[in-house]
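K.L.:
structure, please.
(chains A and B)
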Amino acid sequence: MSEQTLSAQGLPAARAARRSGTSGVLTALYWVTFALVLAMVSIPVIALVYGSFRTSAPGLPGEWTLRNYAGLASSGVLSSMTTTLIIGLFTSVLSIIVGTAIALILHRTDFRYSRIVMPLIGLTFYFPSFILAMAWIIVGAPGGIYNSIVDDMLGMPWLRADIYTAFGIVFVMVLHQVPFVYLTMRGPIIGMDPIFEEAANASGAKPHEVLTRITLPLLGYSVISSFILTFVMTIEQFAIPALLGIPGQVTMLATQLYLLVRFSPTDYGLAAAIGVALSLITGAAIWAQRRVTTAGRLTTVTGKAGRMKAIPLGRWRWAANLLCFGFVFLGLVMPMVILLYTSVLKWFTVNPFEGMYTLRNYVFIWESGSTLRSFTNTLIVSGVGAAAGVLLGLLCCYFTLRLRPRGYRTLDFLVSLPFGVPGVVLGLGLLWAYAYLPLPLYGTLTLMIVAFVTRFLPYATETIGGQMVQIDKSLEEAAWVNGATRIKGVTKILLPLVSPSLQGAYFLLFMAFFREISSAILIYSVNTSVISISIWSFFEQANWGLASALAVVATLIIFIAMALIMRLVPTARRG
Amino acid sequence: MSISIENLTKRYGALTVVHGISFTVAKGEFMSLLGPSGCGKTTTLRCIAGLEDADGGVIRIGEGIVSAPEQGVVVPVHERQIGMVFQSYAIWPHMTVAGNVGFPLAIRKVSAADVEKQVDEALEIVGMRHLRERHPSQLSGGQQQRVALARAIVGRPQVLLFDEPLSNLDAKLREGTRAEIKRLQRELDVATVYVTHDQEEALSMSDRVIVMDGGRITQAGVPKELYRRPANRFVADFVGRASFIDIMRVNGAGWATTGGTKLRLDDAGAPPAERYQAMLRPESVDICGGSASAQADDAVNVLHGHVVESHYLGAYTEYHVEASGSRVKVHSRDDFDVGTEVTLRFAPEFCRLVALSGEAR
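P.N.:
You can find the predicted model right below:
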């Protein structure tokens, strides 16, 4: 070491120089990151809270008031609050049951088609909710395919069903949420040491007794955690309740907020108050979920997973097949087929033999400047935005997990905050904020990127942080001992080791941005429309053919990107 | 109840991990399966338990066949009435100590009062009764081990199976638990199969030991025989410490080292092989200082050499002595410097002829 040769007076000076030399850059970077995250998270939140105490629309002169909070107690808001909670509860319970059952079937039994079903459920996870809802409207609307078949063709009107109901919302939401439950339960199920089940088996417990008395209790905390997250995602879900609920007048809080802003008589103040209330509910739920996961670290996960003998399905094989393939059919295959079918019809008809087929919808996409622009907008927002999100996520992870300078806990809290803010509420907050701020962001793609990055920053930090905590600090320390500076330690050791998670996070954000609609719906303008908004608008104009064609193209892009990245980045497979 | 195994075969895909082995464990007998990792001992145990499906052969517990895949008989694990202790204990973290121990009874629909009573008895036996309401996370490794033991014996199983139960305990605790398992097994008087890679454990606890290597039985016997008369070099090496001297036949019946020193040794019942070695246990070799000149040239079982390594181990010192072209390990309480000329002597009964492994199995 060169320091050993230094004189006694020279030594402290050298040390001080070294400290300021390397961490000076890092300190500056830390405060920039901190300020950026603080601004991104707090501006919409503060603006939202501000708006909830104002009498007027954003940007207009108004007065302070408590009227908006009094409005929360009105019968209309109360009833949509009840609807929201009931739909959220039912959806979560059903999703948990179906998702956990599928995960157990795929990873614990001798189910024969795991290799087919697993990637299909992965695809379903990336199937955008508003496209799923559109497909099911085409099927289940009063004039839709299902009702035409049972009524006109089969003559059994008592079988008629209406998708524009609370039941319909729950049904489509379960289809949308099951892959999430599956993906969150898969890890704990695969990682669980089979020895606990083997011990029960050896103690004389039959397979179903092992399941109910050992497996499920041991998964308990994971189930509760997944349940709460599903509940949060359900009550903040915007597209499904908007598409299905608005025609059927089943109003959830997120849709009520949207209606109050978009349709007259508008009431931005009440909308903001609803946003605050909704955020408090989701925030509380996520706080509870965090408590459960920290309390529930049972020592069930060891390195020896995977030796377990598969549980024979026996005479229940048909039920397992029906559940897995039935779900994939209803959640992915049939909606895709329906959209494909609708997209090539000149005029919508239920009977494929009476249809007049055309490719004009696809030609229109190609020829319409605005549609093409929404495509390029989406690619810019997803591509650039995901890169920005990954960079910011990486910085946050490094500071909160490694460097831990003053205030890192605050940064950690700020980063996790968007988890609790529903997308449409975030959009409303930004709407309020940029009506006052002197920044020329309103109506730009930059604002769209800011909104998306803010909303999905926790995705990036969870993915990157998950890998970073697994990398032993001594690897960096060894680099320092061998003469590397802090920054060199990061670039030469830490970054190469976390790079799989960076790729994974980029992939995750790209996908999320590509299909995001809820935080965009209130802040888009004609020039910054993205694909999801275009599909939404065409569908609202009852142009099912064009909406379907666009949805088919968008879905194909998502699936192709997913297939490509799965091939290129092995870590992305964990979803 | 006894356990009998005939021609047990287990494959994973194209890889055969157990090659048609056979053995029996009598009622009350303590049998160890000893071998290096990957030798098939744990797989054999899991086949007996039913946690793995055997691919061939017959496993009987008592009179009943529990596994005979060729005849299509496979009794599921939960009907085999076994008690089993796992390497990582497998104490269910969501149940109390009493819940864990009572599980085998509760699952067999024993009445709640009887469960209580038998759980208390089992916990009393392992000295854990005062901790019955604790949760596993509040227990030390040794205590978890005892709970696992109590759970294995509570249902009065027909057979006891142990899968390296002591390998996660520290050395002190291991010795105590060894004695306790042995005592319990005597009291219960059930056929016991104990899997371990620790030769001390196998030798000290077992009535008989089976040494396995590469999915086959290399040798089966009582501990003393295994230690004193290993069937081949693998067993000699794996069970205890040993040195080997290359030897050759002289005058038809006698033996000598390659250096010409005559040897008298124990060659009773050694299998035929092309090459042989003489095995010496380090504690059976006497070492004394002094050069060769004092000894007559035709002395038998006397080797001359010099110390090349010395490892002080407290109770004794292990010396590696270069003698007659081989390295001989010797344990002694005397002090010698590295380089000292020494003379080694050993009795014929502690010098065992071994066939080179791989050439006679």
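
K.L.:
okay, and the residue nearest to the spatial centre of chain A sits in which element?
P.N.:
Residue closest to the average C-alpha location in chain A (Cα atoms, centre = their mean): A:Ala512, at 6.5 Å. According to DSSP states H and E, A:Ala512 maps onto helix A:495-515.

K.L.:
which strands and helices sit next to that helix?
P.N.:
helix A:369-397, helix A:445-468, helix A:531-540, helix A:544-568 (3 or more Cβ pairs under 8 Å, 6 or more residues apart in numbering or on different chains; DSSP states H and E). Heads up, the C-betas are built off the backbone N, CA and C, glycines and all.

K.L.:
looking at the first one now, give me its mean pLDDT.
P.N.:
Helix A:369-397 comes out with an average pLDDT of 93.

K.L.:
specify the angle between whatever helix or strand comes next after that helix and helix A:445-468 in degrees.
P.N.:
As assigned by DSSP H and E, the chain's next helix or strand after helix A:369-397 is helix A:408-416. Counting by axes from the mean of the first three to the mean of the last three Cα atoms, to 10 degrees, helix A:408-416 lies at 120 degrees to helix A:445-468.

K.L.:
what's in contact with helix A:408-416?
P.N.:
Contact partners of helix A:408-416, identified using Cβ atoms under 8 Å, 6 or more residues apart in numbering or on different chains, comprise A:33-34, A:37-38, A:41-42, A:286, A:396, A:399-400, A:457-458, A:461.

K.L.:
list the buried residues of it.
P.N.:
A:Tyr408, A:Leu411, A:Asp412, A:Leu414, A:Val415, A:Ser416 (16 or more other Cβ atoms under 10 Å in any protein chain shown).

K.L.:
average pLDDT across that helix?
P.N.:
So the average pLDDT for helix A:408-416 ends up being 89.

K.L.:
and the helix or strand just after it, C-alpha only, in PDB?
P.N.:
Once the chain leaves helix A:408-416, the next helix or strand it forms, by DSSP H and E, is helix A:423-436. Extracted in PDB, the C-alpha atoms of helix A:423-436 (Å, rounded to 0.1, in the frame of the first residue of the first chain):
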ATOM      1  CA  GLY A 423     -52.500   5.600 -12.100                       C
ATOM      2  CA  VAL A 424     -55.600   7.800 -12.800                       C
ATOM      3  CA  VAL A 425     -55.000   9.600  -9.600                       C
ATOM      4  CA  LEU A 426     -51.400  10.300 -10.500                       C
ATOM      5  CA  GLY A 427     -52.600  11.700 -13.900                       C
ATOM      6  CA  LEU A 428     -55.000  14.000 -12.100                       C
ATOM      7  CA  GLY A 429     -52.300  15.200  -9.700                       C
ATOM      8  CA  LEU A 430     -50.100  16.000 -12.700                       C
ATOM      9  CA  LEU A 431     -53.000  17.800 -14.400                       C
ATOM     10  CA  TRP A 432     -53.400  20.000 -11.300                       C
ATOM     11  CA  ALA A 433     -49.600  20.500 -11.000                       C
ATOM     12  CA  TYR A 434     -48.800  21.600 -14.500                       C
ATOM     13  CA  ALA A 435     -51.600  24.000 -14.600                       C
ATOM     14  CA  TYR A 436     -49.600  26.100 -12.100                       C
END
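
K.L.:
out of the contacts of helix A:408-416, which are buried?
P.N.:
Buried residues within those, counting neighbours by 16+ other Cβ under 10 Å: A:Thr33, A:Phe34, A:Val37, A:Val41, A:Ile286, A:Cys396, A:Phe399, A:Thr400, A:Leu457, A:Pro458, A:Thr461.
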